[in-house]
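Student: any chance you can model this:
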Amino acid sequence: MHKIIIKDLIIDFLIGVYPEERKNRQNLIINLEIKADLYKACNTDNVNHTLDYEKIERMLINLSHKGEFYLIETIANKIGWLILEENLVKSVLVRIDKPKAIKSATSAGIEIKMEEIN
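Tutor: From the prediction side, this is the model:
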């Protein structure tokens, strides 16, 4: 099994529980660890046999523009399901940090792990 890591992807979402949070889009920092069967890509050196990083980025940007969210938990769950729909993916770890979510910390966040359903 192989692991693709996407680190510190910054995407703006309309997110928040309180009205003052929902006035402007906020940057979220997204980290992904995607376990996938990439043996064919490793042996053929063919980009068609691996995951497309830019496609994943586009999927997350599209998600950010599709709606409004109250919770980062909801966003993490939706991201997990999007990634699991990709061929080759066996599991995904999604971590989202929301900078300045609380005054005394640099960020607050969530981490979820999701696995394919056989």
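Student: hang on, residue 90 packs against residue 4?
Tutor: No. The pair residue 90 / residue 4 is not scored as a contact, 11.3 Å apart, by C-beta atoms under 8 Å. C-betas here are computed from N, CA, C, even on glycine.
Student: show me the beta-bridge partners of residue 3.
Tutor: Beta-bridge pairing for residue 3 (DSSP bridges): residue 35.
Student: buried residues in stretch 59-71, which are they?
Tutor: Using 16 or more other C-beta atoms under 10 Å as the test for burial, stretch 59-71 gives 59, 60, 63, 64, 69.
Student: wait, residue 77 touches residue 112, no?
Tutor: Yes. Proximity of residue 77 to residue 112 meets the contact threshold set by C-beta under 8 Å, at 6.6 Å.
Student: of the buried residues of stretch 59-71, closest to residue 43?
Tutor: Among those, residue 59 lies closest to residue 43 (C-beta to C-beta), at 26.7 Å.
Student: so who does the closest one touch?
Tutor: Residue 59 sits next to 82, 83 when contact means C-beta atoms under 8 Å, 6 or more residues apart in numbering.
Student: ranges for the strands of this protein?
Tutor: 2-15, 26-36, 68-69, 89-99, 107-115 (DSSP state E).
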